[in-house]
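**Q** Here is a sequence together with a model predicted from it:
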Amino acid sequence: MLDIKFIRENPDAVKENIKKKFQEAKLPLVDQLLELDKENRAAITEASELRSQRNSLSKQVGMLMGQAKKDPSKLEEAEAVKAQVKANAERLAALESKETGLEAEIHKILLVIPNIIDPSVPIGPDDSANVERERFGEPLVPDFEIPYHTEIMERLDGIDMDAAGRVAGNGFYYLLGDVARLHEAALAYARDFMISKGFTYCIPPFMIHGNVVEGVMSQTDMDAMMYKIEGEDLYLIGTSEHSMVGRFIDQILPESSLPQTLTSYSPCFRKEKGAHGIEERGVFRIHQFEKQEMIVVCKPEESMDWYEKMWRWSVEYFRNLEIPVRQLECCSGDLADLKVKSCDVEAWSPRQKKYAFEVGSCTNMGDAQARRLKLRVKGEDGKNYLPHTLNNTVVAPPRMLIPLLENHLQADGSVTVPPVLWPYMGGTEVLTPKH
């Protein structure tokens, strides 16, 4: 969310940014917002003047009523001033009601005007214009056929989609045996990996209030993602970033506490509306999954340095799992409204012979979330300012199991376990097919 003062002073820049994000339908909102802001400021000014007059008029009434005891002619004058006080009070009440309505309209528009993107973001209408920046590891294609990931899991007696469908419907799963253990090993290693980077491990609430949802994400994302608990002001989180950043709502942090570097585990729940292609069957596009996340709250001048470090840690994690990956920079049209800059880490699919699986997404939110959440930092000079917030996926199984299984599948159907996961698998080095 942008500062209303910034929009007031830079309307053309805001409109240009909207065009870069290919959201031309939002262009009229800028002028509409400025008109409402002008009207609101006029109401605030008039209301302030009336409050000032109220004090002096009240004193005047008291003085005239005192004088009326000796001079009855003053009583009529006092009644006239009383009438003015009453009229002013009625006008003030109307202005205060108007201010409330105008501020609600202004806030509603501010929530949908996109954040200013970083100048380095490539311009494009959608994810087809995302730009590959760098590759890590040598992508290989074996000389044997690689089955679809659910078939690999079934051969390991590691998944039951049919039972999950009967119990919960499409988009759910049972993971079993070695596959379930591999799932947990990936998470446990991710936890320890981030702790080794100096991050504090957290387990957050898995539900959050509506005002926190509004603070951390756009309305469009909320409608597409969030499950609401019927009859309560609670939403199931779609990622632990929501409750982790929400932790700081209405807080003033001392500058000495920055940067806040946190890594959190949570289950995640998403609607995942819409039709999905054949490659998104199985455990790729699902309603529940688990995730290890990294979150940073920092000084504005440090956020781009953190952004660079954070996505590179995602790369390091997957390279430690011996999975080739690439970094893909998201273009302007692929950025959600709160995002200043974002990139994806995609894993190599030997079966599809291309980078096919998004296994990480790193985002610099600038001060948008801080402004929405009323999160501030008290600087050394005693003045408050808005910090920047960033988030990035460490790992999100079971989706990440797809490239893990594909890249470690052997010709005999066995799957080798990356050495970094051996301690979390009880020393198991190879998963052997049961069928």
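**A** Sure thing, it's come through. Computed from a predicted structure; not experimentally measured. Residues are numbered from 1 along each chain as shown.
**Q** Go through stretch 219-228 and flag the buried ones.
**A** M222, M225, M226, Y227 (16 or more other C-beta atoms under 10 Å). Any C-beta I mention is one placed from the backbone N, CA and C, and that applies to glycine too.
**Q** Lowest-confidence one in these?
**A** Among the buried residues of stretch 219-228, M222 has the lowest pLDDT, at 77.
**Q** Regarding stretch 16-24, how distant is the last residue from the first?
**A** Its start and end residues considered, stretch 16-24 measures 10 Å (C-alpha to C-alpha, to the nearest Å).
**Q** quick one: average confidence on that stretch?
**A** Here stretch 16-24 scores 97 as its mean pLDDT.
**Q** So which of the buried residues of stretch 219-228 are in strands?
**A** Per DSSP state E, strands hold the following members of the buried residues of stretch 219-228: Y227.
**Q** Now distance to F193 too, for the buried residues of stretch 219-228, in a markdown table please.
**A** Conversion of these to a markdown table gives the following (distance: C-beta to C-beta, whole Å):
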| residue | distance to F193 |
| --- | --- |
| M222 | 30 |
| M225 | 26 |
| M226 | 29 |
| Y227 | 29 |
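**Q** Which of the buried residues of stretch 219-228 sits closest to T239?
**A** M225 (8.8 Å; C-beta to C-beta).
**Q** Now do the contacts for that closest one.
**A** M217, G238, R270, K271 (C-beta atoms under 8 Å, 6 or more residues apart in numbering).
**Q** Measure how buried the first one is and give me the count.
**A** With neighbours defined by other C-beta atoms under 10 Å, the count for M217 comes to 25.
**Q** sorry, back to before: please, a PyMOL command that selects the buried ones among the contacts of M225?
**A** Buried residues within those, by 16+ other C-beta under 10 Å, are selected in PyMOL with:
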select buried, resi 217+238+270
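**Q** could the contacts of M225 go into CSV alongside secondary structure?
**A** Shown next, in CSV, are the contacts of M225 (DSSP: H, G, I helix; E, B strand; the rest coil):
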residue, secondary structure
M217, coil
G238, coil
R270, coil
K271, coil
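**Q** now, the most widely separated pair of the contacts of M225?
**A** Applying C-beta to C-beta across the contacts of M225, the maximum distance is between M217 and K271, 13.3 Å.
**Q** Any stretches of the stretch 201-350 of the chain with poor pLDDT?
**A** 273-280 (pLDDT under 70).
**Q** where exactly do the strands run in it?
**A** Counting by DSSP state E, counting those that start in this stretch, the segments of the stretch 201-350 of the chain that form strands are 207-208, 227-228, 235-236, 252-254, 260-269, 288-298, 325-329, 341-349.
**Q** closest to H388 out of the ones you listed?
**A** Nearest to H388, of those and by C-beta to C-beta, is strand 288-298 at 5.7 Å.
**Q** elements contacting the closest one?
**A** Under the contact criterion of 3 or more C-beta pairs under 8 Å, 6 or more residues apart in numbering; DSSP states H and E, strand 288-298 touches helix 177-196, helix 240-246, strand 260-269, helix 303-320, strand 388-395.
**Q** can you list the ones you listed in TSV and add distance to N211 and mean neighbour count?
**A** Compiled in TSV, the helices and strands packed on strand 288-298 are given as follows (distance: least, C-beta to C-beta, whole Å; neighbours: other C-beta atoms under 10 Å):
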stretch	distance to N211	mean neighbour count
helix 177-196	28	19
helix 240-246	9	26
strand 260-269	19	20
helix 303-320	24	19
strand 388-395	16	27
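**Q** Quick one: residues contacting the nearest residue to M194 once chain neighbours are set aside.
**A** The shortest distance from M194 to any non-neighbouring residue, by C-beta to C-beta, 6 or more residues apart in numbering, is to T263 (3.7 Å). If you count contacts by C-beta under 8 Å, 6+ apart, T263 has them with 190-191, 194-195, 199-202, 292-295, 394.
**Q** any idea how far T393 is from T263?
**A** Using C-beta to C-beta, to the nearest Å, T263 is found at 11 Å from T393.
**Q** got any residues that touch both of these two?
**A** Shared contacts of T263 and T393, defined by C-beta under 8 Å, 6+ apart, are found at Q292, E293, M294.
**Q** Out of those, which is nearest to R181?
**A** If you rank those by distance to R181 using C-beta to C-beta, Q292 comes first, at 16.4 Å.
**Q** Touching, that closest one and V394? I think so.
**A** Yes: contact status for Q292 versus V394: in contact at 4.0 Å, counting by C-beta atoms under 8 Å.
**Q** between those two, what contacts are shared?
**A** In the contact map built from C-beta under 8 Å, 6+ apart, the residues linked to both Q292 and V394 are A190, M194, T263.
**Q** can you list those residues in a markdown table and add distance to D127?
**A** Shown next, in a markdown table, are these (distance: C-beta to C-beta, whole Å):
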| residue | distance to D127 |
| --- | --- |
| A190 | 25 |
| M194 | 27 |
| T263 | 27 |
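**Q** And the helices and strands packed on strand 288-298: which comes nearest D412?
**A** Nearest of the helices and strands packed on strand 288-298 (C-beta to C-beta): helix 177-196, 15.5 Å.
**Q** How is the residue nearest to R155 when sequence neighbours are not counted assigned, secondary-structure-wise?
**A** Using C-beta to C-beta, 6+ apart and skipping residues adjacent in sequence, the residue nearest R155 is P433, 4.2 Å away. Here P433 takes the coil state, with states given by three-state DSSP.
**Q** Angles on the backbone of P433, please.
**A** Dihedral pair for P433: phi -60, psi 140, per degrees, to the nearest 10.
**Q** does it really touch A411, like I thought?
**A** No: proximity of P433 to A411 does not meet the contact threshold set by C-beta under 8 Å, at 11.6 Å.
**Q** I'm done for today, thanks for sticking with me.
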